[in-house]
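Engineer: Model the following, please.
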Amino acid sequence: MFEALSVVPRAELEARWAKVRRFLAETAPDAGGVLAFSRLNVYYLSGVLGAGCCWLPLEGEPVLLLRKGRERALLESALPRIAAFKSYKDLPALAAEAGSPFSEVIAAETTGLSWQLGQMLASRLSDRRFVSGDLALNLAQSLKSEWELNILRLAGERHHQALHDILPEAIRPGMSEREISHLAWQVFFTLGHQGLMRMSAFGEEIFLGHVSAGDSGNYPSVFNGPLGVRGEHPATPYMGYAGKLWNRGEPLALDIGFALEGYCTDKTQLYWAGEEGEIPDAAHSAHAFAMDVQAWAAENLRPGNTPEHIWLHCRDWAAKAGFAAGFMGLDENKVPFLGHGIGLAIDCYPAIAKGFDRPIEAGMVFALEPKIGVPGLGMVGVENTFEVTPSGGVCITGDDYRMLCIA
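Structural biologist: This next block holds a predicted model:
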């Protein structure tokens, strides 16, 4: 009686399985397959945002094993082997019945389970040995297919349209951060934003993004990013505060993601309440430097370079240019990265940070976010999403990075 809303093509899923298997052989050579648990990785492997797990053997058909949602999975997934389970102890028998038995050594997605569930899995499958399969899954997801890139490019177009073309006509100085947040939601939803964005790091959350007027841009933050935000409430320190107005002579930073068909782009647009000639030299020079950093980093988002090299160069450049104190956040808001991978989650692998020395490859997608906190004023800077090509990063979220003035 029901029809699927959308189905990830079988060919797309097969290409994903091939990538995971290739990276699994490199990063966990003893494992006979990978067992994914997080909803995002279950979706990546099966096309279904299922509650359960997905078993991908090195050879043979994957098996989708669900605690709930089997009937929906039968509609939406191109996988032919889908079963329901109640306990982890049932998994080996179900996989064997489906023709893809568990191996003795299993690469588990360890970040996809709580400590409690991880211990439960190990106790129920005590005859198996578990190793980490996280890196293989991360590496596979970092290399986007043309099917994924087409979704991301469309999201990027709409993202720029929302923040650069439409919203400046709707906001004005004197509005509260919360009012601006609600206008942003209205514009984003009208353009097809699906409302839910996801974070892959344990415990991280996101709701719309950051709407930070004036010194909110340097307000102490619990979020792992450089831009401060007062937020709705201490229990929901995201979006914008009803008690903070965007006053003339202040910057306004909107760091908001766009979500389309499960995929995210990231962008920060800066606005100035007043005329361009009223922007203080400190803010003007810092924003110009952030744009220069973004341009250099984008040019160097090319195969063979490493994220670590890009981060170290830009960090040292900021210090030489006199922006070290505010670069990537003031005080405890400072973060040790310039950007991050992006796709099914806002914060995908790899980060543009120290220690990420695996070469960049064509098909990766990164958010570059050079920002600078200006004491007593707020934060300026840019963020955009870039597709890695052989000649460097190509921006998919617009080509105008100026601070937009709204009088």
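Engineer: okay, now the domains of this structure?
Structural biologist: Structural domains assigned to the chain are 10-141, 143-406, following automatic domain parsing.
Engineer: center of the chain, which residue is that?
Structural biologist: Ile346 (1.4 Å; CA atoms, centre = their mean).
Engineer: Double-check that one against Thr265; I have them as touching.
Structural biologist: No - with contact defined as CB atoms under 8 Å, Ile346 and Thr265 do not form a contacting pair (9.2 Å). (C-beta placed from N, C-alpha, C; glycine too.)
Engineer: Name the residues contacting each of those two.
Structural biologist: Gly257, Ala367 (CB atoms under 8 Å, 6 or more residues apart in numbering).
Engineer: picking up where we left off before, can you pull the contacts of the residue nearest to the centre of the chain?
Structural biologist: Ile346 neighbours (CB under 8 Å, 6+ apart): Met197, Arg198, Met199, Ser200, Ile206, Gly257, Cys264, Asp266, His340, Ala367.
Engineer: hmm, 6 Å instead?
Structural biologist: Ile346 makes contacts with Met197, Met199, Ile206, Gly257, Cys264, as judged by CB atoms under 6 Å, 6 or more residues apart in numbering.
Engineer: Mind putting those into a markdown table with neighbour count, secondary structure and distance to Leu149?
Structural biologist: Output for these, formatted as a markdown table (neighbours: other CB atoms under 10 Å; DSSP: H, G, I helix; E, B strand; the rest coil; distance: CB to CB, whole Å):
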| residue | neighbour count | secondary structure | distance to Leu149 |
| --- | --- | --- | --- |
| Met197 | 20 | coil | 19 |
| Met199 | 17 | coil | 22 |
| Ile206 | 21 | coil | 22 |
| Gly257 | 24 | strand | 17 |
| Cys264 | 29 | strand | 13 |
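Engineer: Looking at the residues you listed, spot the one nearest Ala51.
Structural biologist: Met199 (18.4 Å; CB to CB).
Engineer: And that closest one, how close does it get to Arg10?
Structural biologist: 29 Å (CB to CB, to the nearest Å).
Engineer: for Gly326, same thing?
Structural biologist: Relative to Arg10, and taking CB to CB, Gly326 is found at 49 Å.
Engineer: which of those two has more neighbours?
Structural biologist: Gly326 (24 against 13; other CB atoms under 10 Å).
Engineer: excluding its backbone neighbours, what's nearest that one?
Structural biologist: Leaving aside its chain neighbours, Gly326 sits nearest to Gly373 (3.9 Å; criterion: CB to CB, 6 or more residues apart in numbering).
Engineer: Was I right to think that neighbour contacts Asn218?
Structural biologist: Yes - in this structure Gly373 lies within contact range of Asn218 using CB atoms under 6 Å: 4.9 Å.
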